[in-house]
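> next come a sequence and a model predicted from it.
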Amino acid sequence: SGFFTGLGWGVVGTLTKPAIGVLDLATGAASAVRDSSKSAHRAAPARVRCPRVIQGPGGTLPRYSQKEAVGQGWLYKINGRNYLELFVGFEQLTSDLMIVISSERVVVFGMIEGREKAVLTVGYTDLELARAVCQQDREMGGSFHLEIVMRSERREGLAAP
């Protein structure tokens with residue numbers, strides 16, 4: 001009886017030991033793949049340029065423009081990454097003042113103490129008129145100004161509805 005028990009264990013061991021070895025190999029390979037994918041040496045590459053504006057006039061995909069990409073970046077910094085507010089335009093007014101026009105408002109802002117600070121924010125419901133004005137000066141040549149007129153609550157001479 002002892003001989004047959006030993007022979008049975010030997011036959012079972014002959015079949016199970018190679019199967020256990022194959023399973024250990026598969027487990028080791030899976031662990032190696034998992035560890036290599038979590039490597040700290042494989043960081044994402046640095047950005048070469050700012051993300052593009054993806055919705056142009058009429059909903060089309062415009063050509064890449066560094067100026068518009070920077071303007072869109074400023075818009076999303078100002079509005080707290082509200083991606084429902086769409087970028088329309090951006091201009092550098094002076095060395096320290098910029099303007100961003102979005103689907104909801106016009107924001108004139110500057111960098112104060114290393115942080116963007118809004119100088120003027122006008123929603124379209126409060127905007128009466130916005131236009132560029134060219135002022136001719138004999139000594140300085142022509143200079144451009146931005147005229148923004150906000151709606152007043154009460155208009156003189158007009159009946160209130």
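It's in.

> where in this structure is pLDDT low?
39-42, 138, 140-141, 154-161 (pLDDT under 70).

> for the helix ranked longest in the chain, packing partners?
The residue-count maximum for a helix in the chain (DSSP state H) belongs to helix 2-37. Contacting helix 2-37 under the criterion 3 or more CB pairs under 8 Å, 6 or more residues apart in numbering; DSSP states H and E is no other helix or strand. To be clear about C-beta, it is placed using only N, CA and C from the backbone, and glycine gets the same treatment.

> check which residues of the helix or strand just after it are buried.
The first helix or strand that comes after helix 2-37 along the chain, using DSSP states H and E, is helix 66-78. The neighbour-count check on helix 66-78 (16 or more other CB atoms under 10 Å) flags 68, 69, 71, 72, 73, 74, 75, 76, 78 as buried.

> can I get the residues you listed in a markdown table including distance to residue 29?
Shown next, in a markdown table, are the buried residues of helix 66-78 (distance: CB to CB, whole Å):
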| residue | distance to residue 29 |
| --- | --- |
| 68 | 48 |
| 69 | 43 |
| 71 | 49 |
| 72 | 45 |
| 73 | 43 |
| 74 | 49 |
| 75 | 48 |
| 76 | 43 |
| 78 | 50 |
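
> now, which of those sits nearest residue 87?
The nearest member of those to residue 87, counting by CB to CB, is residue 72 at 4.2 Å.

> what residues are up against that closest one?
50, 51, 53, 87, 90 (CB atoms under 8 Å, 6 or more residues apart in numbering).

> which residue, other than its chain neighbours, is closest to the second one?
Ranked by CB to CB, 6 or more residues apart in numbering and with sequence neighbours excluded, the top spatial neighbour of residue 51 is residue 69, at 6.3 Å.

> one more: the third one?
Distances taken as CB to CB, 6+ apart place residue 68 nearest to residue 53, at 4.7 Å, with adjacent residues excluded.

> which ones are touching the one you found?
52, 53, 62, 87, 89, 90.

> try it again with 10 Å
Listed by CB atoms under 10 Å, 6 or more residues apart in numbering, the contact partners of residue 68 are 50, 52, 53, 56, 62, 87, 88, 89, 90.

> right, and residue 65 touches residue 52 too?
Yes - with contact defined as CB atoms under 10 Å, residue 65 reaches residue 52; the gap is 8.0 Å.

> in stretch 107-122, what counts as buried?
In stretch 107-122, counting by 16+ other CB under 10 Å, buried: 107, 108, 109, 122.

> mind putting those into CSV with secondary structure?
CSV is the format used below for the buried residues of stretch 107-122 (DSSP: H, G, I helix; E, B strand; the rest coil):
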residue, secondary structure
107, strand
108, strand
109, strand
122, strand
